[in-house]
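Q: Following is a predicted model, sequence given first.
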Amino acid sequence: MMLSPAGGFWLLFAIFRGTSAASEGPVAIVPIVALACVPTIVLFAKSLTLRRLADFNATILLASKGRAHARRELRQFAIVNLAQWGLIVVALVWANKTDHAAAIWPLLGLIAGLHFIPIARLWTVPAYALLGASMAMISAGSLMLHGPSRDLVLGIGNCMAMWMTVSYLVQTVTIRTRMVLGLTHP
């Protein structure tokens, strides 16, 4: 669910850091933000619909027979996220101490992308591994660029990787969920 707004963030990042749109004032900013919000809202709404269709409830899952597995999954997810935040702190400290402030955003994109790889295995969602690898490559590649082009490549690349992943997952998972629930036939 969070990939949709995160993709919207990366798109806005690309627009405001990689172009001169912010200097044009509210006349340019309002349509740009609206343009970025439309796909974010549509994909987020589709994700919510899928979640409701699957009748997902973490409380019920943790109280079910599979609660030991669910707790182990949540613990592993917490470890992956703690490692991610630890790496983010290390990257921020390194960038500030070595006067590489321009590398902060690409490093954050790289770390965020890498965190999807163990999450893909943990939740058995192969699309997350592809997302993570894509974000890591895009972010690492953007480190080789300078100025606004770095921010454009980083922001648009990560946005598209996230939105394409959400679109794929919503489409394929919704079909499978409907089939499992007996709402459609194969």
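A: Received the coordinates, thanks.

Q: use CA for all of it now, contacts and neighbours both
A: OK.

Q: Residue ranges in this protein under the pLDDT threshold?
A: 1, 21-23, 25, 50-67, 174-186 (pLDDT under 70).

Q: biggest helix in it by residues?
A: helix 148-180 (DSSP state H).

Q: buried sites along that helix?
A: For helix 148-180, a neighbour-count test (16 or more other Cα atoms under 10 Å) marks 148, 150-167, 169-170, 174-178 as buried.

Q: Check stretch 78-89 too.
A: 80-81, 84-85, 87-88.

Q: Can I get it as PDB, trimmed to CA atoms?
A: Extracted in PDB, the C-alpha atoms of stretch 78-89 (Å, rounded to 0.1, in the frame of the first residue of the first chain):
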ATOM      1  CA  ALA A  78      11.200  -5.400  11.900                       C
ATOM      2  CA  ILE A  79      14.800  -6.600  11.700                       C
ATOM      3  CA  VAL A  80      14.900  -5.700   7.900                       C
ATOM      4  CA  ASN A  81      13.500  -2.300   8.700                       C
ATOM      5  CA  LEU A  82      15.900  -1.700  11.600                       C
ATOM      6  CA  ALA A  83      18.800  -2.600   9.300                       C
ATOM      7  CA  GLN A  84      17.500  -0.200   6.700                       C
ATOM      8  CA  TRP A  85      17.200   2.700   9.200                       C
ATOM      9  CA  GLY A  86      20.700   1.800  10.600                       C
ATOM     10  CA  LEU A  87      22.100   2.000   7.100                       C
ATOM     11  CA  ILE A  88      20.300   5.300   6.500                       C
ATOM     12  CA  VAL A  89      21.900   6.800   9.600                       C
END
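
Q: what does that stretch contact?
A: The contact list for stretch 78-89, computed with Cα atoms under 8 Å, 6 or more residues apart in numbering, reads 107-108, 111-112, 115, 118-119.

Q: Out of these, name the ones that lie in strands.
A: Among the contacts of stretch 78-89, no member is found in strands (DSSP state E).
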